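A.B. asks: below is the sequence, then the predicted model.
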Amino acid sequence: MNTHPTPVLISRYAAGGAGVDDATVWAVEAHLESCAACRALLADAVGPATRDLLDLVGDGIAAGIAAGPGPTRRRRLRPTGVTARILPWLATAVGLILAALAFEQTVRSLPSLVLLVAPVAPLLPVAAAWSRRTDPAWELMATVPRRGLWLLLRRTLAVLAAVGPVLAVAGWLTGHSPALWLLPCLAFAAGSLALGGLVGVDRAAIGLATGWSVAVVLPSLAGRRLPAVLEGGSWPGWALLTVALTALVLVRAADHRRLGAGRI
């Protein structure tokens with residue numbers, strides 16, 4: 001509005017804008033922000049009751065500013081969002097490792113359960129770390145600039161940082177070489193990310209955990225013998241597999257930016 005609104009228009013605006021279209025109301029408001037003379041006309045057009053109410057509100061705001069903010073109450077921090085939803089799966093992974101440690105310490109006739117569960121221990125938390133089924137902020141996180149692989153890697157590293165120390169303690173108590181539990185753990189985590197670009201991390205992790213359990217864990221328990229892939233000389237193969245899968249994940253990083261049904 002390049003010209004001043006008429007006194008009649010200001011009076012109608014002060015009365016609530018009856019009979020004035022929205023575009024004109026917006027133009028009047030924009031003009032009032034920069035015109036002291038029209039604001040004075042508006043003050044005259046406002047009735048005594050409205051002025052008294054504005055004065056009362058102004059006095060209350062001024063008193064609140066003068067008093068300053070009140071004492072803040074300390075709140076107990078609680079996990080929210082995706083963190084709260086991953087915690088049960090992390091607890092399950094830790095419980096699985098501790099149960100394997102307890103069985104290995106008490107039942108000597110069985111092969112090492114710690115080594116058998118180490119590859120799949122982090123898979124369920126990894127599956128829950130970036131899934132539309134478990135993340136309440138899925139739509140929001142899918143739109144941020146650093147979405148996809150880099151966000152998934154940070155969450156995966158957080159899971160490994162939580163599960164790794166428990167595995168380290170279990171491996172130390174049972175006397176196993178760190179390479180025999182760490183490298184398979186990393187290889188399966190990388191494998192879930194590599195396959196996750198095609199079928200979704202949750203499906204890939206569950207599929208790998210199921211396949212390992214059926215193809216390796218159950219036959220090892222039935223035969224009471226540790227498989228060759230977990231023997232002392234197997235760690236170079238696990239190291240090469242981990243490097244290869246990690247490289248594949250980085251090369252196929254764009255796979256994790258596509259949002260399809262059931263994808264991460």
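C.D. replies: Great, that's in hand.
A.B. asks: for the rest of this, base every contact and every neighbour count on C-alpha atoms.
C.D. replies: OK.
A.B. asks: span of stretch 38-55 from start to end?
C.D. replies: Criterion C-alpha to C-alpha, to the nearest Å; first-to-last residue distance in stretch 38-55 is 19 Å.
A.B. asks: so where's the stretch 51-200 of the chain shaky on pLDDT?
C.D. replies: In the predicted model of the stretch 51-200 of the chain, residues 51, 53-54, 68-85, 129-149 satisfy pLDDT under 70.
A.B. asks: now do the helices in it.
C.D. replies: 81-106, 113-117, 123-129, 138-141, 149-174, 178-199 (DSSP state H, counting those that start in this stretch).
A.B. asks: H31 is nearest to which of the ones you listed?
C.D. replies: helix 138-141 (37.6 Å; C-alpha to C-alpha).
A.B. asks: so where does V249 fall, helix or strand?
C.D. replies: helix 235-251 (DSSP states H and E).
A.B. asks: show residues contacting that helix.
C.D. replies: 179-180, 183-184, 186-188, 190-191, 193-194 (C-alpha atoms under 8 Å, 6 or more residues apart in numbering).
A.B. asks: what's the most buried one of the helices of the stretch 51-200 of the chain?
C.D. replies: Among the helices of the stretch 51-200 of the chain, helix 123-129 has the highest mean neighbour count (mean count of other C-alpha atoms under 10 Å), at a mean of 27.
A.B. asks: same for that helix, what does it pack against?
C.D. replies: helix 81-106, helix 149-174, helix 178-199, helix 201-212 (3 or more C-alpha pairs under 8 Å, 6 or more residues apart in numbering; DSSP states H and E).
A.B. asks: between these, which one is nearest to V28?
C.D. replies: Between V28 and these, the shortest gap by C-alpha to C-alpha is with helix 81-106, which sits at 44.3 Å.
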